[in-house]
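Asks: pasting the sequence and the predicted model now:
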Amino acid sequence: LDRYMDFLRLTADWVWETNAQLEFTMVSQRVSNALDRPPQDYIGKNLLAMMVTDTLRQAAKRRFERMAPFRDVPFDAIDGEGKRRLFMLSAVPVFDRANGALKGYRGAATDITELTKREESLRMAKEQADVASRAKTHFLANMSHELRTPLNAIIGFSEVIANKLFGELNQRYTDYAGDIVASG
């Protein structure tokens with residue numbers, strides 16, 4: 001028994017047990033870390049009634065109704081400060097060995113609230129980077145076009161001057177025209 005109590009104290013997840021009606025009969029101390037309330041506040045409370053989002057509640061209810069083990073079902077609840085927390089719920093059904101009737105469930109809940117926030121922040125940062133990249137590409141394409149048009153004219157006229165197509169020029173002007181063509 002001491003060994004199992006040590007496991008309960010050491011695990012990062014909160015561990016729980018319910019009866020067949022999904023009312024908590026045991027909740028580990030870790031629930032305090034996750035929801036800012038002591039475990040005894042949950043004894044006798046219905047696990048599904050804790051859930052905030054109806055679609056998540058209905059999905060979890062369907063999983064429990066199958067009376068089969070499951071992992072990582074989304075579960076949300078309000079913490080002691082009134083903030084919504086998101087968990088991944090895993091459970092196994094417990095059956096009476098004598099008659100096979102459902103006695104309840106045992107499970108664990110992993111708090112993924114902060115992980116979800118970080119993923120959302122990363123997704124938003126990636127979207128912003130993509131928008132910035134598209135804006136930069138658009139800007140450079142426009143600037144390239146805007147610069148190329150007059151630059152082509154300058155290079156063309158400087159080639160005409162450097163090649164003396166309309167007659168001789170001062171050598172200094174011819175050199176300048178050659179520099180313009182080479183720089184262009």
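Replies: Good, I have the coordinates.
Asks: in the lengthiest strand in the chain, which residues are buried?
Replies: Using DSSP state E to define each element, the chain has its longest strand at strand 84-95. For strand 84-95, the neighbour count (16 or more other Cβ atoms under 10 Å) marks 85, 86, 87, 88, 89, 90, 91, 93 as buried. All C-beta atoms are positioned from the backbone trio N, CA, C, and that covers glycine.
Asks: and the helices in this protein?
Replies: Here the chain has its helices, by DSSP state H, at 2-10, 31-35, 54-65, 113-162, 171-183.
Asks: does anything pack onto the longest one? Which helices or strands?
Replies: If contacts are counted by 3 or more Cβ pairs under 8 Å, 6 or more residues apart in numbering; DSSP states H and E, helix 113-162 sits against strand 84-95, helix 171-183.
Asks: could you tell me the least trusted of those?
Replies: The weakest mean pLDDT among the helices and strands packed on helix 113-162 belongs to helix 171-183, with a mean of 82.
Asks: just the C-alphas of stretch 29-49, formatted as CSV.
Replies: Provided in CSV are the C-alpha atoms of stretch 29-49 (Å, rounded to 0.1, in the frame of the first residue of the first chain):
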residue,chain,number,x,y,z
GLN,A,29,-3.8,15.2,-3.8
ARG,A,30,-2.5,16.3,-7.3
VAL,A,31,-6.0,17.6,-8.1
SER,A,32,-5.1,20.5,-5.9
ASN,A,33,-2.2,21.4,-8.2
ALA,A,34,-4.5,21.2,-11.2
LEU,A,35,-7.7,22.8,-10.0
ASP,A,36,-6.7,24.7,-6.8
ARG,A,37,-9.2,22.8,-4.7
PRO,A,38,-8.6,20.0,-2.1
PRO,A,39,-9.5,16.4,-3.1
GLN,A,40,-12.2,16.1,-0.5
ASP,A,41,-14.2,18.8,-2.5
TYR,A,42,-14.7,16.3,-5.3
ILE,A,43,-15.8,13.3,-3.4
GLY,A,44,-19.4,12.5,-4.3
LYS,A,45,-19.3,14.9,-7.3
ASN,A,46,-20.0,13.7,-10.8
LEU,A,47,-17.0,13.7,-13.0
LEU,A,48,-19.0,14.7,-16.1
ALA,A,49,-20.8,17.5,-14.3
